[in-house]
Structures are given as structure tokens and as C-alpha cells.
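Novice: Sharing a model prediction with you, sequence too.
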Amino acid sequence: MNGTLRMRIRLFGIYNQTGIGTHALNIYNCLVQYKLKNIEIQKFSHFNETEVKAAIEDCLDTDVNLHFYPSEYAPMLKGKNIYWSVFESTRPIPGYEQWDKTFDLILSPSEWGRQCMINYGIAPEKTAVVPEGIDPVKFHPFRNSPPPKIPRFLMIGKYENRKSYPEAFEAFHLAHQQNPNFEIWIKADWINGVQSVQHPEFLELCAKYSHLPITVVQGIASDEQMLELYHSATHFVFPSKCEGWGLPLLEAIACGLKVIATDFGGQSEFLRSTKLNTRIIPYQISEIVDMDWRNIYPHIDSDFGKWAFIDTSGLSDIIRNSIDEEIKEFDLKDALFIRDKFSWRNSTDSLLAILHK
């Protein structure tokens, strides 16, 4: 990046409202906004064979190829190949054994993720940490209206066993028996960038706990609608067994909500920096036994990594104590800190600093 040397930073990902799509699109937008004179920014859809083929045919030795998937076509691209890896157990996804041979550098959004890679044999010198972030203009704590009059607990995240929805519903049930004066809003639909669908198991869970004051939110939402959803709640519940980063949790903190969460996984990178509005769910770390996960991420040696399994009664106690608290305007220190430290602009700065070396 010195002198007049021209470089192309080429992003290979998806660009929609999924987690990985949000990640790739925001990094691309920040890079473009910087208008770097000697650097051209390009983006390609990882799943578009025509685009990928054209990128391979047009590659140059001076290119930097940034992958948001462990692309099998990376060896066909000239220049430097960097993989931004986000995985959701203590063991990286199958195929990680080849990452340090395929890629010149492997990024993780957290030191937790980097250490997981090193623990499974990836060379430390081939790894680096570049956090994800949020847009502090789009996600902020400055509400246009006062919070609800009774506690409203919000949960966001596609339905799967890793998100601990069954445990959370049971915790809400136990708390409801003691004090029913609260509401639960849940957005658990699967978004593929084109449509939104509800998982059958989630619908069954809602039917089982139909006595609870649950409002289900569904649909592809804009950033403005997501901000409104965050601002409609008083608390954010995030009992995930493991996250590669935990973007909804970061957004919730940025929007000023009190959060109830596990501090295991990538989210520990930012969660332990918060002091005022965070309550940690007790958990025990154990081997992954979920068959859906094992089938999606098979390891022939039967080591699937570990998750943090939450204490349902402990979560129920936290919920019940939160219900009993007086609702008032929240302290903004956590929100202001998170918005300042973990933004997409800061993520892009960290990325560019690494490329500069």
C-alpha cells in the first residue's frame, strides 16, 4: 500500500440481511466510502458461479482476496487470500485443517475464535483478530418514545438448538408462575435474503407455551425497523450456547437495552467490556450432543467441540429479578462505549492496518 502501487481488494461473500451478509456488506461499504486512490474495491457473490469464474480469469498478483466463506476456489486466485472465519463452537468447521495451506491469513472477529483455531493446530502466525461491528448511526440508544410500562423481553436469532429457545421458554414459564407482569417478543424466523420462514419446532414451542404473553415478530426487516424493534423492549435475552460474534447482542447493547446473556464464545470479546446493563446467565461447558449440528458439521473423530449449556433456573431467577425492578431510563454508558469501540468503521480500519503490513 506504499507509493503508487495499485491494489484491488476483492470481497467474496453474500450481501443481504443475514449475519454473514451484514458482515460482508458493511465492510464493503466502508472500504468504498474511504475512496482510497491506489486501491480498487470489488465484490463478488460467493454463490454466483459466473461472477466467481470472471474473478478468477481476471485475477492479478497484486490482488487481496477477502473470503467470507472457506472458498474452495481460493487457490485459483492470484495474490493474497484471506479468510474471515466465524464459527460457533470451540472447534472450527470441518476443513479447517487446510486453512493455513489455502489462505495466507485467517481472521477471527474475536480472540476467543483465534485461540480456538490455534488449539486445533492452525499456526498462530497465520491468524489475526479483526472484530465485527455495528453502524452507530443506525443503532443507537436515543429513543423517540418512553420504554414500555411493563418489562418487555426481546429475543432475536434464527431458531436452532444452539440458541437455547426451549430453555428460555421454560425459564420464562417459571418466572411467569411467580410474576406474570411482563411481555416476551421473539423474532426467530429464518432469513435467506429473499424470504422469511418459521421453523416448525419453534411453532410447536410457541404452542406448548401458549399461556405465556408471547408476541412473534416475523419478516425481513430494514435497519430502521430493527432499531424500532430494539427500542420497543426493555431487556434483551440472548442465551446462546455459542456465537462466532453475536451481532444481535451487540446491536441490543448499542440500542441501550439491559441484556441477559451468556458470555461464552465470540461475544465475550465485547460483553465483558460492559458493566452496567449486563447480567450473565450461569452455564456449564460441555461436549456438543445436538444431532442437527453434528450432521451439518461432521468430524470423523467425533470431536464436535463444546458449547455453554445454560442453567434454566438461573435464567429464570434473572428474569424474575428483572421483572421486579422499576422501569426507568437506562444508563447510556454501555451503549455509548459499544458504539464507539465496535463499529464497522473500526473493523475496516483494523483490516486496512493488517493489509498495510
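Specialist: Cool, the structure landed.
Novice: what residues go with each domain of this structure?
Specialist: Following automatic domain parsing, one finds the domains of the chain at 7-133+344-356, 152-341.
Novice: How far does the first one sit from its chain's centre?
Specialist: When you say that, I think you mean domain 7-133+344-356. 16 Å (C-alpha atoms, centre = their mean, to the nearest Å).
Novice: Repeat that for stretch 141-153.
Specialist: When distances are taken as C-alpha atoms, centre = their mean, stretch 141-153 is centred 24 Å away from the chain's centroid.
Novice: Ok, stretch 159-166 next?
Specialist: Centre-to-centre, stretch 159-166 and its host chain are 15 Å apart (C-alpha atoms, centre = their mean).
Novice: CA-only coordinates of that stretch in PDB, if you can.
Specialist: The C-alpha coordinates for stretch 159-166 follow below in PDB (Å, rounded to 0.1, in the frame of the first residue of the first chain):
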ATOM      1  CA  TYR A 159     -34.400 -20.900  15.700                       C
ATOM      2  CA  GLU A 160     -32.000 -23.700  16.300                       C
ATOM      3  CA  ASN A 161     -31.000 -25.600  19.400                       C
ATOM      4  CA  ARG A 162     -27.800 -23.600  19.700                       C
ATOM      5  CA  LYS A 163     -29.900 -20.500  20.600                       C
ATOM      6  CA  SER A 164     -31.400 -22.200  23.700                       C
ATOM      7  CA  TYR A 165     -35.000 -21.300  22.900                       C
ATOM      8  CA  PRO A 166     -36.500 -24.300  24.700                       C
END
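Novice: one step back: including mean neighbour count and distance to Phe139, could the domains of the chain go into a markdown table?
Specialist: In short, each C-beta sits where N, CA and C put it, glycine included. As requested, those are exported to a markdown table (neighbours: other C-beta atoms under 10 Å; distance: least, C-beta to C-beta, whole Å):
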| stretch | mean neighbour count | distance to Phe139 |
| --- | --- | --- |
| domain 7-133+344-356 | 18 | 10 |
| domain 152-341 | 18 | 4 |
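Novice: So in that sheet, which strands flank the helix or strand encompassing Asn65, and in what orientation?
Specialist: Secondary structure assigned from DSSP states H and E places Asn65 in strand 63-67. Strand 63-67 has its sheet partners listed here by DSSP bridges as strand 7-13 (parallel), strand 80-84 (parallel).
Novice: distance between the ends of stretch 142-156?
Specialist: Taking C-alpha to C-alpha, to the nearest Å, stretch 142-156 runs 20 Å from one end to the other.
Novice: Give the next helix or strand downstream of the helix ranked longest in the chain.
Specialist: Longest among the helix segments of the chain by residue count, using DSSP state H, is helix 19-34. Toward the C-terminus, helix 19-34 is succeeded by strand 39-45 as the next helix or strand (DSSP H and E).
Novice: and that following strand, what other elements does it pack with?
Specialist: Judged by 3 or more C-beta pairs under 8 Å, 6 or more residues apart in numbering; DSSP states H and E, strand 39-45 is in contact with strand 7-13, helix 19-34, helix 49-57.
Novice: do you know which of these lies nearest Tyr165?
Specialist: Closest approach to Tyr165 among the helices and strands packed on strand 39-45 is made by helix 19-34 (17.1 Å; C-beta to C-beta).
Novice: What lies in contact with that closest one?
Specialist: Outside of helix 19-34, the residues within contact range by C-beta atoms under 8 Å, 6 or more residues apart in numbering are 9, 11, 13-16, 39, 41, 43, 66, 68-69, 84, 86, 132-133, 135, 193, 245, 247, 344-345, 347-348, 351-352.
Novice: hmm, back to that, I'd like to know which of the helices and strands packed on strand 39-45 is closest to Gln98.
Specialist: The stretch from the helices and strands packed on strand 39-45 with the least distance to Gln98 (C-beta to C-beta) is strand 7-13; that distance is 17.0 Å.
Novice: ok so, going back, please identify which of the helices and strands packed on strand 39-45 is closest to Leu276.
Specialist: Of all the helices and strands packed on strand 39-45, it is helix 19-34 that lies closest to Leu276, at 26.2 Å by C-beta to C-beta.
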